[in-house]
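Student: Below is the sequence, then the predicted model.
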Amino acid sequence: MKSWEQKVSEAQNEVLCSKPNTSEVSPTFISFEYKDVDISVEYKNVDVSIDDELEQLKALMLPPKPQEQTKAQKDSNVLLLEAIHETQEALKTAVINKECIHKNYEQAQEEVKLWNKYAHIALKNNDDNLAIKAVLKKKVQNKIALTLQTQLQQQEAIVAVLKQNLMTLENFKKTLGNDTKL
């Protein structure tokens, strides 16, 4: 009894050793098979891509030339300075947004206090309709204040992250500044 590996091997050998049955192949294929085909064009493109790949490998494997190193350092310095500038701008915007949200939050809290006061006055005057309206407006303003408080906390976190990122970038700039002048 033969193992499956032996059966597969025999089948492969049989396929490889057998001659093609041209009765099952279309005449177009047979005529194409015997024509001379210029494959040099295909190999020219392959050669170019191989040359490109070799150049890329050389660039990765070999240390860069001194003038290329200087250019790369200048490029990285420019990118670092751009990143610092963009982070500073984002931080300014975030601080302005935080102040605006804080102002709106304080106004909403004042509105809550005001409607609470109106509700107490309406209850003292036995005006149930006005008291209900005041309590409803107080609830709405309270929800607005809670939403603004959440936004304020989120904006404070954003400001903290941006400050940390800016400090990291500036420290990195100082580290590079010790190696090369910016």
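Tutor: In hand now; what should we look at?
Student: List the buried residues of stretch 89-97.
Tutor: Residues 90, 91, 94 are the ones in stretch 89-97 that count as buried (16 or more other Cβ atoms under 10 Å). Backbone N, C-alpha and C define where each C-beta goes, glycine included.
Student: Report pLDDT for the last one.
Tutor: What it means is residue 94. Note for residue 94: predicted pLDDT of 95.
Student: before we move on, back to that, same list, the buried residues of stretch 89-97, but as JSON lines with distance to residue 134 and secondary structure please.
Tutor: JSON lines is the format used below for the buried residues of stretch 89-97 (distance: Cβ to Cβ, whole Å; DSSP: H, G, I helix; E, B strand; the rest coil):
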{"residue": "90", "distance to residue 134": "42", "secondary structure": "helix"}
{"residue": "91", "distance to residue 134": "41", "secondary structure": "helix"}
{"residue": "94", "distance to residue 134": "36", "secondary structure": "helix"}
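Student: will you turn the residues you listed into TSV that also has distance to residue 174?
Tutor: Output for the buried residues of stretch 89-97, formatted as TSV (distance: Cβ to Cβ, whole Å):
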residue	distance to residue 174
90	21
91	18
94	24
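Student: and which of the residues you listed is nearest residue 162?
Tutor: Closest approach to residue 162 among the buried residues of stretch 89-97 (Cβ to Cβ): residue 91, at 4.4 Å.
Student: Pull the contacting residues for the closest one.
Tutor: Each residue near residue 91 by Cβ atoms under 8 Å, 6 or more residues apart in numbering is listed here: 159, 162, 163, 166.
Student: Quick one, grab the pLDDT at it.
Tutor: Predicted confidence (pLDDT) for residue 91: 94.
Student: now residue 176
Tutor: Reading off the model, residue 176 has pLDDT 77.
Student: before we move on, what about residue 141?
Tutor: 95.
Student: secondary structure class for residue 126?
Tutor: Under DSSP: H, G, I helix; E, B strand; the rest coil, residue 126 falls in the coil class.
Student: and it, how many residues sit next to it?
Tutor: Neighbours of residue 126 under the rule other Cβ atoms under 10 Å: 8.
Student: mind listing the helices for this protein?
Tutor: When secondary structure is read from DSSP state H, the chain shows helices at 4-17, 27-34, 40-61, 66-124, 128-179.
Student: ranking these by mean pLDDT, which is last?
Tutor: Of all these, helix 27-34 has the smallest average pLDDT, which comes to a mean of 48.
Student: check contacts around the nearest residue to residue 109 once chain neighbours are set aside.
Tutor: Once flanking residues are discounted, residue 109 sits nearest to residue 145: 5.3 Å by Cβ to Cβ, 6 or more residues apart in numbering. Taking Cβ under 8 Å, 6+ apart, we find residue 145 in contact with 105, 108, 109, 111, 112.
Student: do you know how far residue 81 is from residue 166?
Tutor: As judged by Cβ to Cβ, to the nearest Å, residue 81 and residue 166 stand 13 Å apart.
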